[in-house]
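Colleague: Model the structure of this input:
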Amino acid sequence: MTRVAFSEELQVNWVSLIADFMLAGMVFGPSIAPFLAASGVSLLGGIADIIYFMGNHVCPQPTMGLDLAPPFIMAVCMRCYGTVTGLLITRLLYGVTGGKGFYWLSQYGWNGAAIPTGASYASVLMMAYPLELAAQVFGLWSFNNYLVTPFGLITGLAWGLFTMPILHGWHGAKTSLHEL
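Modeller: Numbering: from 1, shown residues only. Purely as a prediction, here's the structure:
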(Lines give C-alpha, C1' and ligand atoms only; values in the text may rest on other atoms or scores of the structure.)
Protein backbone atom coordinates (compact mmCIF):
# COMPACT_ATOMS: atom_id res chain seq x y z
CA MET A 1 0.00 0.00 0.00
CA THR A 2 1.34 3.42 -0.95
CA ARG A 3 1.43 6.15 1.66
CA VAL A 4 0.39 9.62 0.52
CA ALA A 5 2.59 12.53 1.58
CA PHE A 6 -0.35 14.88 2.13
CA SER A 7 -3.50 13.51 3.70
CA GLU A 8 -5.63 16.50 2.70
CA GLU A 9 -6.33 18.00 -0.69
CA LEU A 10 -4.57 21.16 -1.72
CA GLN A 11 -6.43 24.09 -0.19
CA VAL A 12 -6.89 27.18 -2.30
CA ASN A 13 -7.62 30.52 -0.70
CA TRP A 14 -10.08 31.74 -3.33
CA VAL A 15 -10.36 35.23 -1.89
CA SER A 16 -6.59 35.62 -2.14
CA LEU A 17 -6.49 34.22 -5.67
CA ILE A 18 -9.27 36.54 -6.90
CA ALA A 19 -7.69 39.54 -5.14
CA ASP A 20 -4.32 38.82 -6.78
CA PHE A 21 -5.97 38.41 -10.18
CA MET A 22 -7.75 41.76 -9.79
CA LEU A 23 -4.57 43.47 -8.59
CA ALA A 24 -2.68 42.15 -11.62
CA GLY A 25 -5.37 43.62 -13.85
CA MET A 26 -5.16 46.96 -12.07
CA VAL A 27 -1.36 47.02 -12.34
CA PHE A 28 -1.02 46.03 -15.99
CA GLY A 29 -4.32 47.11 -17.55
CA PRO A 30 -4.04 50.92 -17.44
CA SER A 31 -0.48 50.93 -18.75
CA ILE A 32 -0.97 48.45 -21.62
CA ALA A 33 -4.28 49.93 -22.81
CA PRO A 34 -2.63 52.65 -24.95
CA PHE A 35 -0.39 50.10 -26.65
CA LEU A 36 -3.31 47.78 -27.33
CA ALA A 37 -5.33 50.68 -28.77
CA ALA A 38 -2.41 51.83 -30.94
CA SER A 39 -1.78 48.34 -32.33
CA GLY A 40 -4.46 48.62 -35.00
CA VAL A 41 -5.63 45.04 -34.37
CA SER A 42 -9.38 45.05 -33.77
CA LEU A 43 -9.33 42.38 -31.03
CA LEU A 44 -6.63 44.22 -29.10
CA GLY A 45 -8.47 47.51 -29.63
CA GLY A 46 -11.58 45.91 -28.15
CA ILE A 47 -9.63 44.86 -25.08
CA ALA A 48 -8.27 48.41 -24.79
CA ASP A 49 -11.84 49.75 -24.99
CA ILE A 50 -12.83 47.53 -22.05
CA ILE A 51 -9.85 48.78 -20.02
CA TYR A 52 -10.65 52.42 -20.88
CA PHE A 53 -14.31 51.84 -19.95
CA MET A 54 -13.28 50.56 -16.52
CA GLY A 55 -10.77 53.40 -16.08
CA ASN A 56 -13.45 55.97 -16.88
CA HIS A 57 -15.64 54.53 -14.12
CA VAL A 58 -13.06 54.29 -11.34
CA CYS A 59 -10.79 57.28 -11.96
CA PRO A 60 -12.02 60.82 -11.27
CA GLN A 61 -9.67 62.27 -13.91
CA PRO A 62 -8.94 59.62 -16.57
CA THR A 63 -8.13 62.32 -19.14
CA MET A 64 -5.02 63.18 -17.10
CA GLY A 65 -3.33 59.85 -17.83
CA LEU A 66 0.20 59.77 -19.23
CA ASP A 67 0.77 59.75 -23.00
CA LEU A 68 2.34 56.32 -23.42
CA ALA A 69 1.46 55.73 -27.08
CA PRO A 70 0.27 59.10 -28.44
CA PRO A 71 -2.52 59.89 -29.04
CA PHE A 72 -3.53 57.15 -26.59
CA ILE A 73 -3.09 57.74 -22.85
CA MET A 74 -3.09 55.55 -19.76
CA ALA A 75 -6.55 54.44 -18.68
CA VAL A 76 -6.25 56.20 -15.29
CA CYS A 77 -4.49 59.24 -13.87
CA MET A 78 -1.26 58.90 -11.94
CA ARG A 79 -3.08 59.44 -8.63
CA CYS A 80 -5.03 56.25 -9.24
CA TYR A 81 -1.97 54.44 -10.55
CA GLY A 82 -0.04 55.55 -7.45
CA THR A 83 -2.77 53.95 -5.35
CA VAL A 84 -2.46 50.70 -7.31
CA THR A 85 1.33 50.84 -6.91
CA GLY A 86 0.91 51.17 -3.14
CA LEU A 87 -1.37 48.13 -3.13
CA LEU A 88 1.19 46.18 -5.18
CA ILE A 89 4.01 47.12 -2.80
CA THR A 90 2.02 45.96 0.22
CA ARG A 91 1.03 42.72 -1.53
CA LEU A 92 4.68 41.96 -2.22
CA LEU A 93 5.56 42.88 1.37
CA TYR A 94 2.80 40.59 2.64
CA GLY A 95 4.20 37.77 0.50
CA VAL A 96 7.61 38.23 2.11
CA THR A 97 6.51 38.74 5.73
CA GLY A 98 3.41 36.55 5.80
CA GLY A 99 1.53 39.24 7.69
CA LYS A 100 3.96 39.24 10.62
CA GLY A 101 4.82 42.71 11.85
CA PHE A 102 3.39 45.63 13.74
CA TYR A 103 2.63 47.56 10.55
CA TRP A 104 -0.08 45.14 9.36
CA LEU A 105 -3.08 47.08 10.55
CA SER A 106 -5.80 44.42 10.39
CA GLN A 107 -4.54 43.05 13.71
CA TYR A 108 -6.20 46.06 15.34
CA GLY A 109 -9.64 45.02 14.07
CA TRP A 110 -12.21 46.67 11.82
CA ASN A 111 -13.16 49.19 14.50
CA GLY A 112 -9.51 50.02 15.15
CA ALA A 113 -9.99 53.34 13.39
CA ALA A 114 -11.88 54.62 16.44
CA ILE A 115 -9.09 53.91 18.92
CA PRO A 116 -5.58 55.39 18.95
CA THR A 117 -3.77 52.55 17.19
CA GLY A 118 -2.09 52.01 13.88
CA ALA A 119 -5.49 51.69 12.22
CA SER A 120 -6.41 55.23 13.19
CA TYR A 121 -3.23 56.46 11.54
CA ALA A 122 -4.11 54.40 8.50
CA SER A 123 -7.49 56.12 8.36
CA VAL A 124 -5.72 59.47 8.14
CA LEU A 125 -3.31 58.19 5.48
CA MET A 126 -6.19 56.70 3.48
CA MET A 127 -7.55 60.22 3.15
CA ALA A 128 -4.44 61.52 1.33
CA TYR A 129 -5.95 60.82 -2.10
CA PRO A 130 -9.36 62.47 -1.50
CA LEU A 131 -7.80 65.42 0.34
CA GLU A 132 -5.40 66.10 -2.52
CA LEU A 133 -8.23 65.81 -5.04
CA ALA A 134 -10.35 68.22 -2.98
CA ALA A 135 -7.45 70.69 -2.79
CA GLN A 136 -7.17 70.53 -6.57
CA VAL A 137 -10.93 70.98 -7.08
CA PHE A 138 -10.94 74.02 -4.74
CA GLY A 139 -8.07 75.59 -6.69
CA LEU A 140 -5.20 75.26 -4.21
CA TRP A 141 -3.08 73.80 -7.01
CA SER A 142 -3.50 72.42 -10.50
CA PHE A 143 -3.04 68.82 -11.62
CA ASN A 144 0.57 67.71 -11.75
CA ASN A 145 1.61 64.06 -12.11
CA TYR A 146 4.61 64.56 -9.82
CA LEU A 147 2.30 65.95 -7.13
CA VAL A 148 -0.63 63.53 -7.34
CA THR A 149 1.34 60.26 -7.58
CA PRO A 150 2.74 60.36 -4.01
CA PHE A 151 -0.73 61.10 -2.60
CA GLY A 152 -2.10 58.05 -4.39
CA LEU A 153 0.88 55.98 -3.26
CA ILE A 154 0.34 56.93 0.40
CA THR A 155 -3.34 56.02 0.14
CA GLY A 156 -2.54 52.69 -1.55
CA LEU A 157 0.03 51.81 1.11
CA ALA A 158 -2.44 52.60 3.90
CA TRP A 159 -5.22 50.55 2.28
CA GLY A 160 -2.80 47.71 1.57
CA LEU A 161 -1.42 47.60 5.11
CA PHE A 162 -4.97 47.30 6.37
CA THR A 163 -6.52 44.91 3.84
CA MET A 164 -3.78 42.54 2.65
CA PRO A 165 -3.85 40.37 5.81
CA ILE A 166 -7.64 40.24 5.56
CA LEU A 167 -7.61 39.23 1.89
CA HIS A 168 -4.64 36.86 1.96
CA GLY A 169 -4.69 35.35 5.46
CA TRP A 170 -5.31 31.65 5.94
CA HIS A 171 -7.68 31.81 8.88
CA GLY A 172 -8.54 28.34 10.07
CA ALA A 173 -6.01 26.54 7.87
CA LYS A 174 -3.74 23.99 9.46
CA THR A 175 -0.32 25.55 9.89
CA SER A 176 1.62 22.67 11.37
CA LEU A 177 2.02 18.95 10.77
CA HIS A 178 1.46 18.46 14.50
CA GLU A 179 -2.13 19.67 14.08
CA LEU A 180 -2.85 16.92 11.52
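
Colleague: Return the helix or strand in this structure with minimum mean pLDDT.
Modeller: Every helix and strand of the chain was ranked by mean pLDDT, DSSP states H and E. The lowest is helix 118-126, at a mean of 75.

Colleague: Tell me the helix or strand right after that helix.
Modeller: Downstream of helix 118-126, the next assigned helix or strand under DSSP states H and E is helix 128-137.

Colleague: quick one, that next one and helix 118-126 angle?
Modeller: 30 degrees (axes from the mean of the first three to the mean of the last three C-alpha atoms, to 10 degrees).

Colleague: residues near Leu131, how many?
Modeller: Other residues within reach of Leu131, judged by other C-beta atoms under 10 Å, total 13. The C-beta positions use only the backbone N, C-alpha and C, and glycine is treated the same way.

Colleague: Now do the contacts for it.
Modeller: The neighbourhood of Leu131, defined by C-beta atoms under 8 Å, 6 or more residues apart in numbering, consists of Phe151.

Colleague: counting contacts, what elements does the least confident helix or strand of the chain pack onto?
Modeller: helix 145-168 (3 or more C-beta pairs under 8 Å, 6 or more residues apart in numbering; DSSP states H and E).

Colleague: Right, I'll call it a day here.
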